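> only the shape, not the letters, is given here:
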């Protein structure tokens, strides 16, 4: 590919893939946990950084386009690589679906309420536009990331700094339901909630073959980007929860809009809606870009049919991008619901655990590879990452684990009727 992307674009991709609609929803979710939610943010942030270090090191060893399945292949063979790659590819559609729904949802204040009756049409239209962007050169999609991340960081620094001037520690509350739990249970539950914010930490490794000097650029961009994301989430949650009373925050639908109303007057909710929409576009672009690259990597390794490895005249893996978008469109249609919150919940409820299984396999692959090197620093990172993934999975209900496994199980027909025969 002639057009390569550099450090700033990869750094922007890491930030955009992790900072999307979640930052606008997070204060509502963690409000009942009070000060414990900030501790859980530190825990999930540390876990995300350890996972980032794992992916950064693996990407240095195997700088190939495709992402997680590449590492599973070298450590555990092609069969494990197939199911890791398939799972990761399918759940990337789910993440894309959630971002499309939330993005269109934030447009509601800009129009009349009747927009809800045509939300599905707008969701599909938005998906088509982002897909077309990613059918161009990867550098084009990368420039979009760089522009959007500048807006993100600016807004997520200005609002919390302004909120700190009206900060009140008494606004932190712990709900009656949560107060009856042990500290361990509180931290486990709140960490599960905050972890969704860091999903996407590995995205910059997916287009490794399209990065200029990936051995140097990707590890630096992934680690620094994830640390920046953790700091941004912590500062914003701390500021918003200190500005809005916890009882009000729990019932809020748009905490940043409420925060702006407290700090100033006027129709600032419209501005926040536009900004939130831009955030979703950034993450959406990152997921569509990477899902196409994942399909390309799977095809290149002959894990899925070879037509997914074809590129158009712009160098874009168009079959992978288009197929991913079709999968997302189908999910949009089947999960369409007039109840916005219920629709979002039904989409993202089980995807976090599926991502964690992928992260766990990659962490185990990392350990298997680094044990031979006797590098104790890398072993420590691998142990922390593996332990973190196991702990979060252990705290998940059996029902959620079973439903999450369906993403992996859905690849069995392709494995039996195509992959095994082609092998």
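On my side now, so go ahead. Quick caveat: nothing in here was measured; it's all calculated off a predicted structure.
> give me the below-cutoff pLDDT ranges for the stretch 151-300 of the chain.
152-153, 203-209, 253, 266, 269 (pLDDT under 70).
> now do the strands in it.
Ranges of strands within the stretch 151-300 of the chain: none, based on DSSP state E, counting those that start in this stretch.
> who's in contact with the closest residue to residue 175 other than its chain neighbours?
Sequence neighbours aside, residue 32 is the residue nearest to residue 175 in space, at 3.8 Å (criterion: CB to CB, 6 or more residues apart in numbering). Where C-beta positions appear, they are placed from N, C-alpha and C, glycine not excepted. Residue 32 makes contacts with 173, 174, 175, 177, 178, 246, 250, as judged by CB atoms under 8 Å, 6 or more residues apart in numbering.
> how much space between residue 32 and residue 187?
13 Å (CB to CB, to the nearest Å).
> closest to residue 392 among the contacts of residue 32?
residue 178 (18.4 Å; CB to CB).
> rewinding a little: show me which pair in the contacts of residue 32 is furthest apart.
177 and 246 (12.8 Å).
> which one of the two is surrounded by more residues?
residue 246 (21 against 8; other CB atoms under 10 Å).
> so what's the closest residue to the more buried one other than its chain neighbours up against?
Among residues not flanking residue 246 along the chain, residue 173 sits closest, at 3.3 Å (CB to CB, 6+ apart). Residues near residue 173 by CB under 8 Å, 6+ apart: 31, 32, 34, 245, 246, 247.
> repeat for residue 128
Residue 128 neighbours (CB under 8 Å, 6+ apart): residue 325.
> so for the nearest residue to residue 198 once chain neighbours are set aside, what's the pLDDT?
In space, and not counting its chain neighbours, residue 198 is closest to residue 48: 3.7 Å by CB to CB, 6+ apart. At residue 48, the pLDDT value in this model is 90.
> how many residues are close by residue 48?
Neighbours around residue 48, by other CB under 10 Å: 27.
> just the helices from the stretch 251-400 of the chain, written as ranges.
255-263, 268-300, 318-334, 340-348, 351-371, 376-394, 398-404 (DSSP state H, counting those that start in this stretch).
> go on, the stretch 51-200 of the chain?
With helices called from DSSP H, counting those that start in this stretch, the stretch 51-200 of the chain shows them at 68-76, 78-105, 119-134, 138-164, 176-179, 183-195.
> so which of these comes closest to residue 398?
Of all those, helix 183-195 comes closest under CB to CB, at 14.7 Å.
> tell me how far the closest one is from the chain's mean position?
Here helix 183-195 is found 18 Å from its chain centre; the criterion is CA atoms, centre = their mean, to the nearest Å.
> residue contacts, residue 256?
24, 159, 240, 272, 276.
> leaving out sequence neighbours, find the closest residue to the last one.
Same thing as residue 276. Nearest residue to residue 276, sequence neighbours excluded (CB to CB, 6+ apart): residue 106, at 4.1 Å.
> now the one you found. Its backbone dihedrals?
phi -70, psi -10 (degrees, to the nearest 10).
> can you tell me how far it sits from residue 29?
For residue 106, the distance to residue 29 - CB to CB - is 17 Å.
> then residue 58?
Distance from residue 58 to residue 29, by CB to CB: 31 Å.
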